[in-house]
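Participant: Pasting the sequence and the predicted coordinates here, then a few questions.
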Amino acid sequence: MCIFCNLNKDLILLESKYSVLLANYFPLSDFNMMVIPKRHVYSITDLSVEESTDIMGIITMAVNNIKTLVKPEGINVFLNEGEIAGQTVPHLHFHIVARNSNDVLENFKRNGEKDLITTDQLKLIKSLF
Ligand SMILES: [Zn+2]
């Protein structure tokens, strides 16, 4: 069963017609959100034009909120396609990660324990929307 087709509602930040913005259950940094299409697709090339447009709008809005409210030094927006590239859930998802010079992207562990989002991290992210 796909975890993005059966989302933990606590992680949802907002929804649009075709996509959902959510906090990452296994955050790569303090501010790691994801945007997913509501429809289960594997690849960016599986999206319709309407879905692509909708997702890009959500990504842009989220980046704008992070820039305005969090003021990080930088922001990563990326997707991983294929296991070799680090895709662990076969449902397309874009990561949005606030970056600062003293941080390290963590939680790329493929095996073993991953660090779950903390209550404080989730509260901070939810305060942006
Ligand atoms: Zn799915």
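Facilitator: Perfect, thanks for sending it. Numbering: from 1, shown residues only.

Participant: Skipping its backbone neighbours, what lies nearest residue 127 in space?
Facilitator: residue 69 (7.7 Å; Cβ to Cβ, 6 or more residues apart in numbering). C-beta: built from backbone N, CA, C; applies to glycine.

Participant: just checking, the one you found touches residue 128?
Facilitator: Yes - Residue 69 lies in contact with residue 128 (Cβ atoms under 8 Å); the separation is 5.3 Å.

Participant: Which one's more surrounded, the two?
Facilitator: Shown here are residue 69 and residue 128; by other Cβ atoms under 10 Å, residue 128 has more neighbours (18 against 12).

Participant: Send over the longest helix along the chain as PDB, restricted to the C-alpha atoms.
Facilitator: When the chain is parsed with DSSP state H, its longest helix is helix 49-69. Below are the C-alpha coordinates for helix 49-69, written out as PDB (Å, rounded to 0.1, in the frame of the first residue of the first chain):
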ATOM      1  CA  VAL A  49      -0.100  19.400 -18.000                       C
ATOM      2  CA  GLU A  50      -2.800  20.500 -15.500                       C
ATOM      3  CA  GLU A  51      -1.100  18.400 -12.700                       C
ATOM      4  CA  SER A  52       2.400  19.800 -13.600                       C
ATOM      5  CA  THR A  53       1.100  23.400 -13.500                       C
ATOM      6  CA  ASP A  54      -0.700  22.800 -10.200                       C
ATOM      7  CA  ILE A  55       2.300  21.200  -8.500                       C
ATOM      8  CA  MET A  56       4.700  24.000  -9.700                       C
ATOM      9  CA  GLY A  57       2.300  26.500  -8.300                       C
ATOM     10  CA  ILE A  58       2.300  24.800  -4.900                       C
ATOM     11  CA  ILE A  59       6.100  24.500  -5.000                       C
ATOM     12  CA  THR A  60       6.500  28.200  -5.800                       C
ATOM     13  CA  MET A  61       4.100  29.200  -3.000                       C
ATOM     14  CA  ALA A  62       5.900  27.000  -0.500                       C
ATOM     15  CA  VAL A  63       9.300  28.400  -1.500                       C
ATOM     16  CA  ASN A  64       7.900  31.900  -1.200                       C
ATOM     17  CA  ASN A  65       6.600  31.200   2.300                       C
ATOM     18  CA  ILE A  66       9.900  29.700   3.400                       C
ATOM     19  CA  LYS A  67      11.800  32.700   2.000                       C
ATOM     20  CA  THR A  68       9.600  35.200   3.700                       C
ATOM     21  CA  LEU A  69       9.100  33.500   7.100                       C
END
